[in-house]
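Asks: coordinates only, no sequence provided:
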């Protein structure tokens, strides 16, 4: 009987504590859903560009299955090797599909814009000082040494 007498108070306390939690959750959700601008790179790093599904479909249409498989296999291999090398050096990376644009801002404040629509399998290096450079993915070690040291 004593429990029933306190039940309304317990329900009110539980309801009030839940309303605070919901308010806190909504502000946390708002913070987590804010989009971070990965369209702008303002620090040294690399942009890993992979083909969009639209570009893959277009590549399939333009060549035989064997040719398509060879091209994709080679590119995936060299991209994987290059990414592994970048990871081993702890180079900052952004992964993008080849759609839209990417902007690069130097430490002097100059902004370079790169259209990604024409890139398929590509890595764009940015040292923070100079114009971004398309890397030769078959020789990432030398590309990185030459460009990032400049």
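Replies: It's in. Keep in mind it's a predicted model, so treat the numbers as computed, not measured.
Asks: how about the nearest residue to the residue nearest the centre of the chain, chain neighbours excluded?
Replies: For the chain, residue 95 is the residue whose C-alpha lies nearest the centre (C-alpha atoms, centre = their mean; 3.5 Å). Among residues not flanking residue 95 along the chain, residue 48 sits closest, at 4.7 Å (C-beta to C-beta, 6 or more residues apart in numbering). In short, each C-beta sits where N, CA and C put it, glycine included.
Asks: backbone dihedrals for that neighbour, please?
Replies: When quoted as degrees, to the nearest 10, the phi and psi of residue 48 stand at phi -90, psi 120.
Asks: just confirm it contacts residue 97, I think it does.
Replies: No - assessed by C-beta atoms under 8 Å, residue 48 is found out of contact with residue 97, at 10.1 Å.
Asks: what about the two, which has more around it?
Replies: Ranked by neighbour count (other C-beta atoms under 10 Å), residue 48 and residue 97 place residue 48 first, with 18 against 15.
Asks: who does the more buried one bridge with?
Replies: Residues in a beta bridge with residue 48, per DSSP bridges, are residue 95, residue 123.
Asks: check what pLDDT it gets.
Replies: Among the per-residue scores, residue 48 shows a pLDDT of 96.
Asks: OK, contacts around it?
Replies: Residues near residue 48 by C-beta atoms under 8 Å, 6 or more residues apart in numbering: 79, 83, 93-96, 123.
Asks: check contacts around residue 92.
Replies: Contact analysis of residue 92 by C-beta under 8 Å, 6+ apart lists 43-46.
Asks: over to it: give its phi and psi.
Replies: phi -60, psi 130.
Asks: tell me which helix or strand of this protein sits lowest on mean pLDDT?
Replies: Every helix and strand in the chain was compared by mean pLDDT, DSSP states H and E; the lowest is helix 2-33, with a mean of 48.
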